[in-house]
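Colleague: The following comprises the amino acid sequence and a computationally predicted model.
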Amino acid sequence: MSSKSKNIFVTGVAGFLGSHLSEKLVNLGHKVIGIDNMLGGYEDNVPKNIEFHKGDCCDYEKIKSLMKGVDVVYHCAATAHEGLSVFSPFEITKNNYLASVSIFSAAVNEKVKRIIFCSSMARYGGQKTPFTEEMKPSPVDPYAISKVAAEEVLKNLCELNNIEYVIAVPHNIIGPRQKYDDPFRNVVSIMLNRMMQKKAPIIYGDGEQRRCFSYIDDCISCLIPMMDQKNLHREIINIGPDEEFVTVNKVAEICSNVSGFNSEPIYKKDRPQEVKHALCSADKARRLLNYKTKTSLRDGIVKTYDYIKKRGTRDFDYNINLEIINDLTPETWKKKEI
């Protein structure tokens, strides 16, 4: 990786992924210009020594003005609510697809050298695991559709305008700074926030859904070289472990052990369009990025617990309205019971 200092634009710098990435980039000597609308982040997540702007990625003129002189763009911002997208498709699509088109269009106009887009494992849908990058996208919900559509616009604009791009596919990231008062996503943080308030975890379905979880530092270690490693142009790369493929029930058990609160989970009916098993192969990341899982699931949960304990538990913040309310909508969301 080049040691030359770069001007780097990062979206979602008050959020979980964007804040950690920006902090690492600054520590490496780069200048970071960041934007966030504060929908999915915390103000104290924003790293020191970056140029921070509060604003929305859909504000094209603002984005374009901030990108002047930028070398690399990391588009991390997203309303990453896969389950909620079934019931708030307009808000989710606007914040993922239209916001991404705004970012990509501004980046192309300002002739940046490379764009790194953080997509989602939701692109693979319910295909047979493990998911590999060669699989054709098969999205099953509005969130996944919005991410795949954004990927296609990115490829189209970059190929036409001779701009390099990389599509990163992180999955189920956990760790400090994750928004733990969000009732719609982040299963580990939701469980810990509830258990630390002596409330039983809520599980949709039978809890036998299986997932792999990535610790934030392991994810960042893959994103950093994407800014200028030459053999990554046009690549789609899964980021995260494939060693610990666990059930949601197992996640609840670990969270219970870590928090010291023992209670049987509360089981609710399945959420519609939820993928039963989701596991990404890490083989390509190992080959191209020398990826190694350094933090186990349990250790990642411990670090997330320590972060919530230090900040204090919170009531859940229902800051996104349900657009479709019917018999399929989870009762916990309609009644704000989480």
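Modeller: The structure has been received and is ready for your questions. Residues are numbered from 1 along each chain as shown.
Colleague: Now do the nearest residue to Y143 once chain neighbours are set aside: how many residues are near it, please.
Modeller: Counting by C-beta to C-beta, 6 or more residues apart in numbering, S85 is the residue found nearest to Y143 once chain neighbours are left out, at 3.6 Å. Using the backbone N, CA and C atoms, a C-beta is placed for each residue, glycine as well. When counting by other C-beta atoms under 10 Å, one arrives at 26 neighbours for S85.
Colleague: ok, now V140?
Modeller: V140 has 18 neighbours, counted by other C-beta under 10 Å.
Colleague: Report pLDDT for it.
Modeller: Looking at V140, its pLDDT is 97.
Colleague: mind listing the helices for the protein?
Modeller: Ranges of helices within the chain are 16-27, 60-66, 89-93, 99-109, 142-161, 187-195, 216-223, 248-259, 283-289, 297-311, 331-334, based on DSSP state H.
Colleague: got the CA coordinates for stretch 95-103 in PDB?
Modeller: C-alpha atoms of stretch 95-103 as PDB (Å, rounded to 0.1, in the frame of the first residue of the first chain):
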ATOM      1  CA  ASN A  95     -31.200   6.200   2.000                       C
ATOM      2  CA  ASN A  96     -29.400   3.400   0.200                       C
ATOM      3  CA  TYR A  97     -30.000   3.600  -3.500                       C
ATOM      4  CA  LEU A  98     -30.600   7.300  -4.200                       C
ATOM      5  CA  ALA A  99     -27.900   8.300  -1.700                       C
ATOM      6  CA  SER A 100     -25.400   6.000  -3.300                       C
ATOM      7  CA  VAL A 101     -26.200   7.300  -6.800                       C
ATOM      8  CA  SER A 102     -25.600  10.900  -5.400                       C
ATOM      9  CA  ILE A 103     -22.200   9.800  -4.000                       C
END
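Colleague: Go through stretch 102-113 and flag the buried ones.
Modeller: Neighbour counts over stretch 102-113 (16 or more other C-beta atoms under 10 Å) mark S102, I103, F104, A106, A107, V108, E110, V112 as buried.
Colleague: Now do M1, the pLDDT please.
Modeller: So M1 comes in at 43 (pLDDT).
Colleague: Can we start the residue count at 295 from this point?
Modeller: That works, and once the first residue is 295, the last one we named lands at M295.
Colleague: correct me, but the residue nearest to Y437 touches D435?
Modeller: Yes - contact criterion C-beta atoms under 8 Å: S379 and D435 qualify, at 5.3 Å.
Colleague: Contact partners for I514?
Modeller: Applying C-beta atoms under 8 Å, 6 or more residues apart in numbering, we find I514 in contact with H314, L315, K318.
Colleague: now these: which count as buried?
Modeller: For the contacts of I514, a burial check counting by 16+ other C-beta under 10 Å picks out H314, L315, K318.
Colleague: Reformat those as JSON lines; add distance to E445.
Modeller: Shown next, in JSON lines, are the buried ones among the contacts of I514 (distance: C-beta to C-beta, whole Å):
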{"residue": "H314", "distance to E445": "23"}
{"residue": "L315", "distance to E445": "19"}
{"residue": "K318", "distance to E445": "24"}
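Colleague: Out of these, the closest to L486 would be?
Modeller: Nearest to L486, judged by C-beta to C-beta, of those is H314 at 18.5 Å.
Colleague: Against V320, how distant is that closest one?
Modeller: Distance of H314 to V320, computed by C-beta to C-beta, to the nearest Å: 11 Å.
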